[in-house]
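Peer 1: using only what follows, build the 3D model:
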Amino acid sequence: MYASVRQYRVTDAGAIARRIDEEFLGIIREVPGFSAYYVVDGDDGSLVTVTLADDQAGVEDSANRAANWISENQDVADLIQGSPNVTNGEVRAQA
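Peer 2: Numbering: from 1, shown residues only. Predicted coordinates for the structure are as follows:
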């Protein structure tokens with residue numbers, strides 16, 4: 001299993017989370033090997049997303065779809081400050 005963890009600085013986490021729920025989840029569910037996607041509101045101007053997929057290709061595909069979705073939705077992009085901090089890699093332990 002592979003994971004991608006992205007931490008964003010945002011101006012309105014709730015608005016972004018709603019748009020993800022309404023629009024982006026359907027897109028990411030189509031990724032081959034997709035396992036799970038989580039959105040965590042840090043309640044401090046941070047928003048963290050966690051994507052789980054069967055393999056590295058799934059994580060990379062999900063990252064590309066996220067970047068494309070954000071670039072196609074300028075109103076969402078306007079709520080994000082700068083680039084996210086990204087960690088991608090193989091899951092080494094889980095419970």
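
Peer 1: what's in contact with the longest helix anywhere in the chain?
Peer 2: In the chain, with assignment by DSSP state H, the single longest helix is helix 56-72. With contacts defined as CB atoms under 8 Å, 6 or more residues apart in numbering, helix 56-72 is touched by 2-4, 6, 23-24, 27-28, 31-35, 37, 49, 51, 53, 76-77, 80, 86, 88, 90. (Glycine included, C-beta is placed from N, CA and C.)

Peer 1: now with 10 Å?
Peer 2: Contacts of helix 56-72 from elsewhere in the structure, counted by CB atoms under 10 Å, 6 or more residues apart in numbering, are 1-4, 6, 8, 16, 19-20, 23-24, 27-28, 30-35, 37, 49, 51-53, 55, 76-77, 79-80, 84, 86, 88-90.

Peer 1: also stretch 73-88?
Peer 2: Contacting residues not belonging to stretch 73-88 are listed as 2-16, 19-20, 23-24, 45-51, 56, 59-60, 62-63, 66-67, 69-71 [CB under 10 Å, 6+ apart].

Peer 1: got the CA coordinates for it in PDB?
Peer 2: What follows is stretch 73-88 as a C-alpha-only set of coordinates in PDB (Å, rounded to 0.1, in the frame of the first residue of the first chain):
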ATOM      1  CA  ASN A  73     -11.400  25.200 -10.400                       C
ATOM      2  CA  GLN A  74      -9.800  28.700  -9.800                       C
ATOM      3  CA  ASP A  75     -12.200  29.500  -7.000                       C
ATOM      4  CA  VAL A  76     -10.700  26.500  -5.100                       C
ATOM      5  CA  ALA A  77      -7.200  27.500  -6.100                       C
ATOM      6  CA  ASP A  78      -7.800  31.000  -4.700                       C
ATOM      7  CA  LEU A  79      -8.400  29.500  -1.300                       C
ATOM      8  CA  ILE A  80      -5.000  27.700  -1.200                       C
ATOM      9  CA  GLN A  81      -1.900  29.600  -0.200                       C
ATOM     10  CA  GLY A  82       1.200  28.400  -1.900                       C
ATOM     11  CA  SER A  83       2.100  24.900  -2.700                       C
ATOM     12  CA  PRO A  84       1.400  22.000  -0.400                       C
ATOM     13  CA  ASN A  85       4.000  20.100   1.600                       C
ATOM     14  CA  VAL A  86       3.800  16.600   0.100                       C
ATOM     15  CA  THR A  87       5.000  13.200   1.400                       C
ATOM     16  CA  ASN A  88       4.500  10.200  -0.900                       C
END
